[in-house]
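Chemist: sequence first, then the predicted structure, then my questions.
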Amino acid sequence: MKKMSQKPENENSTSVADSYIVHSLASIRKTYRHTYHAMPPVGWMNDPNGFCYAFGKYQLFFQFYPYGAAWNSMHWGHYASQDFVRWQLLPTALAPNGKADRDGCFSGSAIVKDGKLYLMYTSVLGGKQTQSLAVSSDGVRFDKIGEVIPGELLPPHCARSDFRDPKVFVRKGMYYALTGSLSTEGEGQILLFRSPDLMQWEYVNTVRRDRLTTRGIYECPDFFEYGGNDVILCSPQGYETADWRYENLHSSIYMVGKLNVASGTFDKEYEDEIDGGFDFYAPQTTRTPDGRIVMIAWMQMWSRTMPTAQHGWAGSMTLPRELSLKDGKLLQRPVREIENYRRNHVSYSDVALTQTVRLDNVKGVKIELDFTLDLGTAKRVGIRLFESSRHSASVYYDRALDRVIFDRSKMGVEIACDVKERDAAVRSVKVDVSENRISMRIFLDVSSCEIFLNGGERTMTGNVYSDGSGLSFFAEDGEARLVRLDKYDIVVE
């Protein structure tokens, strides 16, 4: 890999960051770079921020450190898109150089007010976290307004050192913000604030509190309304594993119910994990002009090694997903705009599966696969991806466990994880296998794999670092059938 540009002495400037990016692009090793996912031009990316529609485009900001492929002094990077697939890099939006944010511009959200775009973000200074605003008249250049929710507004049970990630929204003419928080006793919680004008805020209530000190802060709360329901998303750190749910050390969950903004209480009716894979965190949503709820998330995970860091970059975003509720449960589907990039359609039907089956013209690492399996009598039936003579990843149904398994243990690159996490190699979810069938829709993008099961009933997301592009179906200890298959290349030029 070429040597990166020398880190500037004054790195707390958006213009310095942009200059550094331009001079460092040629240094990035492209082996595992995606083609239709947002990722950092150089350096480090984590949480999506300020995901919204403004100035005729979808705006996606992100936690960004341009000067190295590791978490450090957080900036806000900025992409824009007309269709959630082609992402245009825009000038860095925020750098940590204000009175309240000299130690970092942490995560937050965005809202349009009076024709201007406001960013609400966590300002970090001297170990304390507060909430600040920045504003733009063109969606590109932002002026900092400063701190608007200081630590003094926190009730006594809240730690000022862990108070972050505001999600701002409006209801009946009043502005509200959900924030992640840690109690002084170490409990994860979500707080609600309100304001008539985005400037003057007051604390309303603690919407959720764990009352379990074994868990950590609730990061990156998000909120949307769908079909008369209120939905809160959040990412609790250290969430306890519950059978096959929450197998990662840090999880992302959704809660369906009713938010009473007057009292700051949430009447929860259902809660579940959002994604059962390896690499999914800090999801954020926006509403499109045609009324869809679209979610995007960080396609990586804390407390693990990241193989691309030595290539000069780390982190990326998921393919945006359309959300809906069915019987009170979340359904996720790939954003429909991705279908405009399909090329070279290949289809098969009624293929017997005994042991390993490879199909002509069904391979690649920048593809979409949409298929249905009849599980037959096989004890295991599924698909191998990123296949070479030595390496692969697999996705399959295990009859004994009655789960779908995502196994990347043979991909050829080891990922080390925190000792509190069982491993970073195998994940599982339980899905409905009535009529003895499972459908899968899988998107591969060089080193990423996103799996949508049974029309989005469950999803599994993970990065796979392999040297292969082969693909095969398999059945073990019995027979199965590939009922149908549609394969497309995804081409973004």
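Modeler: Ah, there it is. Residues are numbered from 1 along each chain as shown.
Chemist: from here on, contacts and neighbour counts on C-alpha atoms
Modeler: Will do.
Chemist: I'd like the distance between the closest residue to residue 358 other than its chain neighbours and residue 355.
Modeler: The spatial neighbour of residue 358 that comes closest, neighbours along the chain excluded (CA to CA, 6 or more residues apart in numbering), is residue 472 at 4.7 Å. Distance of residue 472 to residue 355, computed by CA to CA, to the nearest Å: 10 Å.
Chemist: ditto for residue 412
Modeler: Counting by CA to CA, the gap from residue 412 to residue 355 is 23 Å.
Chemist: what do you get for residue 484?
Modeler: 18 Å.
Chemist: same question, residue 297
Modeler: When residue 297 is compared with residue 355 (using CA to CA), they lie 36 Å apart.
Chemist: cool, and residue 233?
Modeler: For residue 233, the distance to residue 355 - CA to CA - is 41 Å.
Chemist: now the residue nearest to residue 320 when sequence neighbours are not counted: phi and psi?
Modeler: Take residue 320 and drop its neighbours on the chain: the residue closest to it by CA to CA, 6+ apart is residue 296, 4.7 Å away. Torsion angles at residue 296 (phi, psi; degrees, to the nearest 10) stand at phi -140, psi 150.
Chemist: residue 311 too?
Modeler: Per-residue torsions, residue 311: phi -90, psi 0 (degrees, to the nearest 10).
Chemist: thought it was touching residue 26?
Modeler: No: counting by CA atoms under 8 Å, residue 311 sits too far from residue 26 to count as a contact (11.4 Å).
Chemist: between these two, which one's more packed in?
Modeler: Taking neighbours as other CA atoms under 10 Å, residue 311 and residue 26 compare with residue 311 leading, 20 against 15.
Chemist: next, count neighbours for the residue lying closest to that one once chain neighbours are set aside.
Modeler: Once flanking residues are discounted, residue 311 sits nearest to residue 29: 4.9 Å by CA to CA, 6+ apart. Neighbour count for residue 29, taken as other CA under 10 Å: 17.
Chemist: with residue 228 instead?
Modeler: Residue 228 has 8 nearby residues by other CA under 10 Å.
Chemist: and it, how close does it get to residue 169?
Modeler: 16 Å.
Chemist: check what pLDDT residue 30 gets.
Modeler: For residue 30, the model assigns a pLDDT of 97.
Chemist: ok, residue 210 next?
Modeler: 85.
Chemist: same check, this time on residue 216
Modeler: So residue 216 comes in at 81 (pLDDT).
Chemist: am I right that it is in contact with residue 188?
Modeler: Yes: counting by CA under 8 Å, residue 188 is a contact partner of residue 216 at 5.1 Å.
Chemist: overlap in contacts, the two.
Modeler: Each of 182, 236 lies in contact with both residue 216 and residue 188 under the rule CA atoms under 8 Å, 6 or more residues apart in numbering.
Chemist: which of those two has more neighbours?
Modeler: Comparing residue 216 with residue 188 by other CA under 10 Å, the one with more neighbours is residue 188, at 28 against 21.
Chemist: so the more buried one bridges to which residues?
Modeler: Using DSSP bridges, the bridge partners assigned to residue 188 are residue 182.
Chemist: the one 5 residues further on too?
Modeler: For residue 193, the beta-bridge partners under DSSP bridges are residue 177, residue 203.
Chemist: so what's it up against?
Modeler: 176-178, 201-205.
Chemist: one more pass at 7 Å, please.
Modeler: By CA atoms under 7 Å, 6 or more residues apart in numbering, the contact set of residue 193 is 176-178, 201-204.
Chemist: check it and give its pLDDT.
Modeler: 98.
Chemist: now it: how far from residue 273?
Modeler: Where residue 273 is concerned, residue 193 sits at a distance of 26 Å (CA to CA).
Chemist: quick one: neighbours of the nearest residue to residue 454 once chain neighbours are set aside, just the number.
Modeler: Of all residues not flanking residue 454 in the chain, residue 439 sits nearest, at 4.9 Å (CA to CA, 6+ apart). Other residues lying near residue 439 total 19 when counted by other CA under 10 Å.
Chemist: residue ranges with poor pLDDT in this protein?
Modeler: The model of the chain has pLDDT under 70 over residues 1-10, 213-214.
Chemist: about what we covered before: looking at residue 297 and residue 355, which is more packed in?
Modeler: Taking neighbours as other CA under 10 Å, residue 297 and residue 355 compare with residue 297 leading, 23 against 17.
Chemist: now do the contacts for residue 157.
Modeler: Residue 157 makes contact with 183-184, according to CA under 7 Å, 6+ apart.
Chemist: ok, residue 96 next?
Modeler: Per CA under 7 Å, 6+ apart, neighbours of residue 96: 12, 74-75, 102-105.
Chemist: now swap in residue 53 and tell me
Modeler: 59, 288.
Chemist: for the most centrally placed residue in the chain, phi and psi?
Modeler: Ranked by distance to the mean C-alpha position of the chain (CA atoms, centre = their mean), the top residue is residue 297 at 1.5 Å. Main-chain dihedrals, residue 297, degrees, to the nearest 10: phi -140, psi 160.
Chemist: now swap in residue 79 and tell me
Modeler: Dihedral angles (degrees, to the nearest 10) for residue 79: phi -120, psi 160.
Chemist: how about residue 474?
Modeler: Taking degrees, to the nearest 10 as the convention, residue 474 sits at phi -150, psi 160.
Chemist: one more: residue 126?
Modeler: phi 60, psi 40.
Chemist: what about residue 69, is that helix, strand or coil?
Modeler: Of the three states, residue 69 takes coil under DSSP: H, G, I helix; E, B strand; the rest coil.
Chemist: so it touches residue 314, yeah?
Modeler: Yes: in this structure residue 69 lies within contact range of residue 314 using CA atoms under 7 Å: 5.4 Å.
Chemist: who has more neighbours, these two?
Modeler: Between residue 69 and residue 314, counted using other CA under 10 Å, residue 314 has the larger neighbour count: 25 against 22.
Chemist: before we move on, back to that, which one of the contacts of residue 193 has the most neighbours?
Modeler: residue 177 (26 neighbours).
Chemist: so what's the residue nearest to the centre of the chain closest to, chain neighbours aside?
Modeler: Closest to residue 297 by CA to CA, 6+ apart is residue 283, at 4.0 Å.
Chemist: residues in contact with the one you found?
Modeler: Contacts of residue 283 by CA under 7 Å, 6+ apart are 295-298.
Chemist: and if you look at residue 352?
Modeler: 480-482.
Chemist: which of these fall within strands?
Modeler: 480-482 (DSSP state E).
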